[in-house]
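A.B. asks: generate coordinates for the sequence data below:
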Amino acid sequence: MKVIVCIKQVPDTKGGVQFNPDGTLNRAAMLTIMNPDDKAGLEAALRLKDQYGAEVTVLTMGLPKAADVLQEAIAMGADKGVLVTDRVLGGADTWATSTTIAGALRKLDYDLIITGRQAIDGDTAQVGPQIAEHLGIPVISYAQEIKVDGDAVIVKRQYDDGYHMLKAKMPCLITALSELNEPRYMTPGGIFDAVNAEITTLGRADLVDVDDSNIGLKGSPTKIAKASDKVRKGAGEKVVPDSPDEAVSYIVGKLKDKHVI
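C.D. replies: Sure thing, here's the model as predicted:
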């Protein structure tokens, strides 16, 4: 059984967010982490490896430094890493990203593809299902639990007021919630293996059945009108009342002015 986990290196917002003049994120200038939903998907794949002897490959698209997140995944227990990187792929929206990743996946063998539900830098939850559409395979999203039954997977899928139990024949794609599990830590032996691991690098020329009109910033139908860091709130109005009654009167007056009461 061969499992490919699509992971993403995302900005660690604790270190601040920076933008390029065109509104895209300046990823090279920010601290990064593995996307939480993707890490849960990786843990699910590693549990399939523990249980069924699955081969786990991690794939990411990004700048060359995104290889760091692949090494982290290998240190956790993944077998192989694939980096999709090329200058012409930069600035991609969800459509261009999913097109590119699907083009890379067509070069690889897989029974199951696992992605995170969404990335914390975009929160669109579109890339996983779009990849499945490009590849023409079934997709089950919002996975809370994953089991293998022969040549099929059985997935407990989160729903508004309950859950669905869905079964799909492989190959298929699953999008994982961060609540799916508690990801394991890197091990000392895994870290040693990751340092010496060979990362396969794919560029534009390696993508299969991908047109130039659907990649990178130029192939992205989504255009960013404006982007900025979170707006910082001012200090606000400070009032020191002479008595509790005066404080209550002041607060009630403000609520009336705002038509709250």
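
A.B. asks: restrict stretch 34-49 to CA atoms and write it as CSV.
C.D. replies: Output of stretch 34-49 as CSV, limited to C-alpha atoms (Å, rounded to 0.1, in the frame of the first residue of the first chain):
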residue,chain,number,x,y,z
MET,A,34,4.1,22.3,9.2
ASN,A,35,0.5,23.0,8.6
PRO,A,36,-1.5,21.5,11.6
ASP,A,37,-4.2,19.7,9.5
ASP,A,38,-1.4,18.3,7.3
LYS,A,39,0.5,17.0,10.3
ALA,A,40,-2.6,15.1,11.4
GLY,A,41,-2.9,13.7,7.9
LEU,A,42,0.8,12.6,8.1
GLU,A,43,0.1,10.9,11.5
ALA,A,44,-2.8,9.0,10.0
ALA,A,45,-0.5,7.8,7.2
LEU,A,46,2.1,6.8,9.7
ARG,A,47,-0.4,4.7,11.6
LEU,A,48,-1.4,3.0,8.4
LYS,A,49,2.3,2.3,8.0
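
A.B. asks: sec struct for Ala108, please.
C.D. replies: One correction, residue 108 is Leu, not Ala. The assignment at Leu108 comes out as coil when based on DSSP: H, G, I helix; E, B strand; the rest coil.

A.B. asks: got it, and the one 5 residues further on?
C.D. replies: Following three-state DSSP, Ile113 is assigned to strand.

A.B. asks: write down the beta-bridge partners of the nearest residue to it once chain neighbours are set aside, one by one.
C.D. replies: The spatial neighbour of Ile113 that comes closest, neighbours along the chain excluded (Cβ to Cβ, 6 or more residues apart in numbering), is Leu173 at 4.3 Å. The way it works is simple: take the backbone N, C-alpha and C, and place the C-beta from them, glycine included. Here Leu173 sits in beta bridges with Ile113, Val139, going by DSSP bridges.

A.B. asks: verify the contact between Leu173 and His134 for me.
C.D. replies: No - in this structure, Leu173 is not within contact of His134 by Cβ atoms under 8 Å, at 10.2 Å.

A.B. asks: which one's more surrounded, these two?
C.D. replies: Per other Cβ atoms under 10 Å, whichever of Leu173 and His134 has more neighbours is Leu173, with 26 against 20.

A.B. asks: ok, now which ones touch that one?
C.D. replies: 112-115, 128-129, 131-132, 135, 137-140 (Cβ atoms under 8 Å, 6 or more residues apart in numbering).

A.B. asks: can we see that at 6 Å?
C.D. replies: Contact analysis of Leu173 by Cβ atoms under 6 Å, 6 or more residues apart in numbering lists Ile113, Ala132, Ile137, Val139.

A.B. asks: quick one: which of those has the most company?
C.D. replies: Within these, neighbour counts (other Cβ under 10 Å) peak at Ile113, which reaches 30 neighbours.

A.B. asks: pretty sure it contacts Val5?
C.D. replies: No - if you go by Cβ atoms under 6 Å, Ile113 and Val5 don't touch, sitting 7.7 Å apart.

A.B. asks: returning to what we had before: which one of the contacts of Leu173 is nearest Leu202?
C.D. replies: For these, the minimum distance to Leu202 (Cβ to Cβ) is 15.9 Å, reached by Ile113.

A.B. asks: and the closest one, how far is that from Asp242?
C.D. replies: Noted for Ile113: a distance of 67 Å to Asp242, by Cβ to Cβ, to the nearest Å.

A.B. asks: equivalent analysis for Glu72, please.
C.D. replies: In terms of Cβ to Cβ, Glu72 sits 59 Å off from Asp242.

A.B. asks: so for the two, which residue has more residues nearby?
C.D. replies: Comparing Glu72 with Asp242 by other Cβ under 10 Å, the one with more neighbours is Glu72, at 22 against 7.

A.B. asks: determine which residue lies closest to the centroid of this structure.
C.D. replies: Ala119 (3.3 Å; Cα atoms, centre = their mean).

A.B. asks: list the contacts for that one?
C.D. replies: Lys8, Val10, Asn35.

A.B. asks: of those, which one scores lowest on pLDDT?
C.D. replies: Ranked by pLDDT, these bottom out at Val10, which has 88.
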